[in-house]
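Engineer: Sequence and predicted structure below; questions after.
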Amino acid sequence: MRKLFLLILAGIAISLTSCRNDFAFTPSTGGLEFSKDTVYLDTVFTNISSSTYRLKVYNRSDKDISIPKIQLGKGLSSKYRIMVDGMTGDAGAQGKIYSNVELLAKDSLFIFVEVTSDVASANPTDFLYTDQIQFSNITGAAQTVELVTLIQDAYFIFPNRTQNTDNTYTYEGINLGNDDENRPVTIVGSKLDHNDPINKDEYTWGNNKPYVIYGYALVPDNETLNITSGARVHFHANSGLIIAKNGTLKINGLPSPTNNPQDLSKEVIFEGDRLEPDFSEVPGQWTAIINFSNSPNNVIEHLTLKNATVGILSNNLALITDNSFTKLTINNSQIYNCSNFGILGRNAQINADNLVINNCGQANIAATYGGAYNFTNSTFNNNWNSSKQAAVVLNDYLETETAYLVKETTIAMTNCIVFGSNSTALSLEKKGTSFTTIFNNCLFKVNDLSSSLIANPLYDSIRLEQNGNKKNINPMFKNISKNQLWPTEDLFVKVAPGAASAFDLVNKPRNSANTNIGAYQFIAN
């Protein structure tokens, strides 16, 4: 039996070696097919790496082939990098040149493509940086796949760093003072500079090229940041803009020249620094505008802010020991797709007119723990998929481990729409005795008229439809998922003469005879 077993093993070995023709690779004669003939890498900022893009290469033939070379057309000088089926490339040419790449019959391989380029390497007329992947063969002319990306120049604002002996880095920080428990508050970031060697005066952000912020940019005490109409500001992950207690923010956007809600050419836009289309509506890409300022001159005009964690946090850092308000005026602006709040106010004074906030993870607006809030001609809608929160949350307290801390709070809403997918879009709650709500000529969604809601006098003017207020009538927005919150039907609610601002969010004139509530006038389909 032992001899028979050994003979069987020998026979198997002979049969395996006789089948080695299956692994005899013949040189490629061309005829490869590709998942695309051009790989378009989306716009990237100068010297910032792109995302990774994928190309699939097919061998449709019945032969196992060896591709003599897969390489970038510009060779070692190319700003592109490729990885072929998990391999790194030839020695000394990693990411650029691959020799004798084997590809089985009726099989395929993946090539992954990235680019890091400065704008000086791009075509000066259109700022496109191009190259190609070349697939050589024994017949002569190589097959090629084109590579194209747009390189965008930018101003970069980032904290300085120093290298430690263990090759880690220590980053410049911003000291924000002490919190209400007297603990120091420091975060990674940098103070803006009037004489920055690269960006010149960092207190004026223009529109000739975008700004990219790493870490937090601080407007310190006794300084003013002016942002010009048409400016584009991009924030890296865990980044934001901070206004110190005695600093000032002025965002000077202008209305659309065409009265078109989708024309943002004159707006100031704040968003993340991922420029690929797949990231255009992804929430939580950056942190917030953080306003600690009690200056009365903080004004935001025609800002579109999107994809933050908290769009605007207006918060007195020393909440318990300091009763002064942070102050902010917001006009003709839009906030979209924030993973937590569109606006979070704590002991803040916020005045807003023609403001739109749509789809935020917890609430569009949370006006909490004291303050004075006045919203007119504004539209707040929350259809966040997983949200069980109201669109607008208003209260007068801060909850600690041992007690509720209460401060005087006043809320006024006039000619506003508060709507969403939750059964009740407005949450009102008070713990103290000085909590004042004034609602006039607004539309609210309050389907959940539970006993607690009915018994709460804060809801009386809504529940009883007093002072021109209405409830539970669909405002018929154009397209909520695309942030198009203008009514497509002429809403039943009209405001009294003189009660509305003269123009809507897109500078369409209002008049006393035909004025809709919310930030937009009626726009016919």
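Structural biologist: Happy to help now that I have it.

Engineer: From here on, just use CA atoms for contacts and neighbour counts.
Structural biologist: OK.

Engineer: Any regions of this structure where pLDDT drops low?
Structural biologist: 1-23, 179-181, 317-323, 386-388, 448-455, 490-500, 512-514, 523-525 (pLDDT under 70).

Engineer: hey, which strand is longest across it?
Structural biologist: If you go by DSSP state E, the chain has its longest strand at strand 341-360.

Engineer: And it, what does it pack against?
Structural biologist: Other elements packing on strand 341-360 under the criterion 3 or more CA pairs under 8 Å, 6 or more residues apart in numbering; DSSP states H and E are strand 310-315, strand 326-338, strand 363-376, strand 379-382.

Engineer: so what's the residue nearest in space to the middle of the chain up against?
Structural biologist: Using CA atoms, centre = their mean, the residue of the chain that lies closest to the mean C-alpha position is residue 307, 2.7 Å off. Residues in contact with residue 307 (CA atoms under 8 Å, 6 or more residues apart in numbering) are 271, 272, 281, 282, 283, 284, 285, 286, 336, 337, 338, 339.

Engineer: one more time with 10 Å
Structural biologist: For residue 307, the contact set (CA atoms under 10 Å, 6 or more residues apart in numbering) comprises 270-272, 279-288, 335-339, 342, 360.

Engineer: Flag every buried residue along stretch 297-306.
Structural biologist: Buried residues in stretch 297-306, counting neighbours by 16 or more other CA atoms under 10 Å, are found at 298, 299, 300, 301, 302, 303, 304, 305, 306.

Engineer: Among the residues you listed, which ones are in strands?
Structural biologist: In strands, judged by DSSP E, the following of the buried residues of stretch 297-306 are found: 299, 300, 301, 303, 304, 305, 306.

Engineer: related to what we said a few turns ago, out of the buried residues of stretch 297-306, the closest to residue 406 would be?
Structural biologist: Proximity of the buried residues of stretch 297-306 to residue 406 (CA to CA) peaks at residue 298, which lies at 25.9 Å.

Engineer: rewinding a little: extract the C-alpha set from the longest strand of the chain and format it as PDB.
Structural biologist: Listed next in PDB are the C-alpha coordinates belonging to strand 341-360 (Å, rounded to 0.1, in the frame of the first residue of the first chain):
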ATOM      1  CA  PHE A 341     -26.700  72.200  14.700                       C
ATOM      2  CA  GLY A 342     -27.100  74.900  12.100                       C
ATOM      3  CA  ILE A 343     -26.900  77.600  14.800                       C
ATOM      4  CA  LEU A 344     -26.200  76.900  18.500                       C
ATOM      5  CA  GLY A 345     -26.600  79.900  20.700                       C
ATOM      6  CA  ARG A 346     -25.800  80.000  24.500                       C
ATOM      7  CA  ASN A 347     -26.300  83.300  26.200                       C
ATOM      8  CA  ALA A 348     -26.200  84.900  22.800                       C
ATOM      9  CA  GLN A 349     -27.900  87.800  21.100                       C
ATOM     10  CA  ILE A 350     -28.700  86.800  17.500                       C
ATOM     11  CA  ASN A 351     -30.800  88.800  15.000                       C
ATOM     12  CA  ALA A 352     -31.500  87.200  11.700                       C
ATOM     13  CA  ASP A 353     -33.500  88.100   8.600                       C
ATOM     14  CA  ASN A 354     -34.000  86.100   5.400                       C
ATOM     15  CA  LEU A 355     -32.200  83.100   6.900                       C
ATOM     16  CA  VAL A 356     -32.600  79.600   5.600                       C
ATOM     17  CA  ILE A 357     -31.400  76.500   7.500                       C
ATOM     18  CA  ASN A 358     -32.100  73.000   6.200                       C
ATOM     19  CA  ASN A 359     -31.300  69.400   7.400                       C
ATOM     20  CA  CYS A 360     -29.200  69.300  10.500                       C
END
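
Engineer: Distance of residue 27 relative to residue 91?
Structural biologist: In this structure, residue 27 lies at 21 Å from residue 91, with CA to CA, to the nearest Å as the measure.

Engineer: which one of the two has more residues nearby?
Structural biologist: Each of residue 27 and residue 91 had its neighbours counted (other CA atoms under 10 Å), and the higher figure belongs to residue 27 (19 against 9).

Engineer: quick one: the helices in the stretch 351-500 of the chain?
Structural biologist: Chain-ordered helices for the stretch 351-500 of the chain, with DSSP state H, counting those that start in this stretch as the definition, fall at 451-455, 460-463.

Engineer: List the buried residues for the last one?
Structural biologist: Applying a neighbour-count criterion of 16+ other CA under 10 Å, the buried positions in helix 460-463 are 461, 462, 463.

Engineer: In CSV, list those residues along with distance to residue 156.
Structural biologist: Putting the buried residues of helix 460-463 into CSV (distance: CA to CA, whole Å) gives the following:
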residue, distance to residue 156
461, 50
462, 48
463, 51
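
Engineer: Tell me the strands beside the helix or strand hosting residue 108, with direction?
Structural biologist: Residue 108 is part of strand 107-115 when elements are defined by DSSP states H and E. Looking at strand 107-115 with DSSP bridges, its paired strands and their directions are strand 53-59 (antiparallel), strand 80-84 (antiparallel).

Engineer: Among these, which comes closest to residue 433?
Structural biologist: strand 53-59 (58.8 Å).

Engineer: what angle do the helix or strand following that closest one and strand 80-84 make?
Structural biologist: Using DSSP H and E, the helix or strand that follows strand 53-59 towards the C-terminus is strand 65-72. With axes from the mean of the first three to the mean of the last three CA atoms, to 10 degrees as the criterion, the two stretches strand 65-72 and strand 80-84 enclose an angle of 160 degrees.

Engineer: Relative to the whole chain's centre, how far out is strand 65-72?
Structural biologist: 40 Å (CA atoms, centre = their mean, to the nearest Å).

Engineer: Next one: the closest residue to residue 69 other than its chain neighbours from residue 390, what distance?
Structural biologist: With CA to CA, 6 or more residues apart in numbering as the measure, residue 99 is the residue that lies nearest to residue 69, at 4.5 Å, once sequence neighbours are left out. Here the distance between residue 99 and residue 390 works out to 60 Å (CA to CA).

Engineer: Out of these two, name the residue with the larger neighbour count.
Structural biologist: Looking at residue 99 and residue 390 with other CA under 10 Å, you find the greater number of neighbours at residue 390, namely 29 against 14.
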